[in-house]
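> After the sequence you'll find the predicted model.
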Amino acid sequence: MRILTGHPESSFTFIPHSITALGHNLVVAEGREDESGYWVHVWTLENAGCTVTQLREYFNTSLVVKEFKPPSSSSLLCQKLPCLQSPLWQSKIEKSKQKCMPGLVLAI
């Protein structure tokens with residue numbers, strides 16, 4: 001979206017309110033602009049964190065980041081209930097605004 005990448009005609013200010021490292025190769029940045037805009041960036045890093053190899057942008061979308069691991073054949077509980085894994089990260093949005101925002105699970 002042009003708004004998030006700093007198009008000069010936009011009054012949108014890209015200032016992260018939180019930045020979280022998830023492991024050695026994933027960074028999540030979250031921010032808000034007034035009441036109208038909420039955004040999340042997910043960066044994938046390589047070369048010991050020196051190179052951004054992928055950027056995912058989400059605007060006005062609630063995001064949950066979960067690690068995807070195929071269940072082992074020895075763990076029957078994990079096969080039947082993979083949704084019980086705790087998220088690595090999730091959006092911090094006021095409850096009143098969550099209802100009007102789409103939600104997305106990012107499996108990494």
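Arrived safely. Numbering: from 1, shown residues only.
> Quick check: what element follows the helix or strand bottoming out on mean pLDDT in the chain along the chain?
In the chain, the helix or strand scored least confidently by mean pLDDT, DSSP states H and E is helix 76-80, which has a mean of 53. Remark: after helix 76-80, the chain's next helix or strand is strand 89-90, criterion DSSP states H and E.
> tell me the pLDDT at Leu23?
One thing to correct before we go on: residue 23 is Gly, not Leu. Predicted confidence (pLDDT) at Gly23: the value is 87.
> just Leu106 next, same as before
At Leu106, pLDDT is 91.
> And for Ser74?
pLDDT, Ser74: 56.
> Repeat that for Ala48.
So, for Ala48, pLDDT stands at 81.
> burial of it, as a residue count?
Neighbours of Ala48 under the rule other CB atoms under 10 Å: 8. (Glycine included, C-beta is placed from N, CA and C.)
> do you know how far it is from Lys66?
According to CB to CB, to the nearest Å, Ala48 and Lys66 sit 25 Å apart.
> Thank you kindly, that will do.
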